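**Q** Need coordinates for the following:
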Amino acid sequence: MSALYSDTHPKIEQMQIELWRQASPTRKMHMLAQLNATVRILALAGLRSRYPNAPETELRRRLADLLLGEELAREVYGEIYRAE
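**A** I've put the predicted structure just below:
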């Protein structure tokens, strides 16, 4: 098996894979939900650094662009409101 991570020892990686395999479907869904929440937090942090004066509503709308694509986000949420 090839290594998934270049910074992880192969024996540790194998242990991690085995733990994932043994996890219940509920546990796997919980891990996935945690990963999704983390991605949203990191994406919002990136948006806050790019648009430091933007209100929270604009940042959440820009997050929708990242998650859904600009066209679908515009259809669902309308144009981005920019406080200037």
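**Q** burial measure for residue 23, as a count.
**A** 13 (other Cβ atoms under 10 Å). To be clear about C-beta, it is placed using only N, CA and C from the backbone, and glycine gets the same treatment.
**Q** what does residue 41 give?
**A** 10.
**Q** repeat for residue 61
**A** Count around residue 61 with other Cβ under 10 Å applied: 21.
**Q** ok, now which ones touch it?
**A** 73, 77, 80-81 (Cβ atoms under 8 Å, 6 or more residues apart in numbering).
**Q** how about 7 Å then?
**A** 77, 80 (Cβ atoms under 7 Å, 6 or more residues apart in numbering).
**Q** Please tell me how far it sits from residue 71.
**A** Residue 61 sits 14 Å away from residue 71, going by Cβ to Cβ, to the nearest Å.
**Q** same thing with residue 46?
**A** 21 Å.
**Q** Mind checking which of these two has more residues around it?
**A** The neighbour comparison of residue 46 against residue 71 (other Cβ under 10 Å) goes to residue 46, with 14 against 9.
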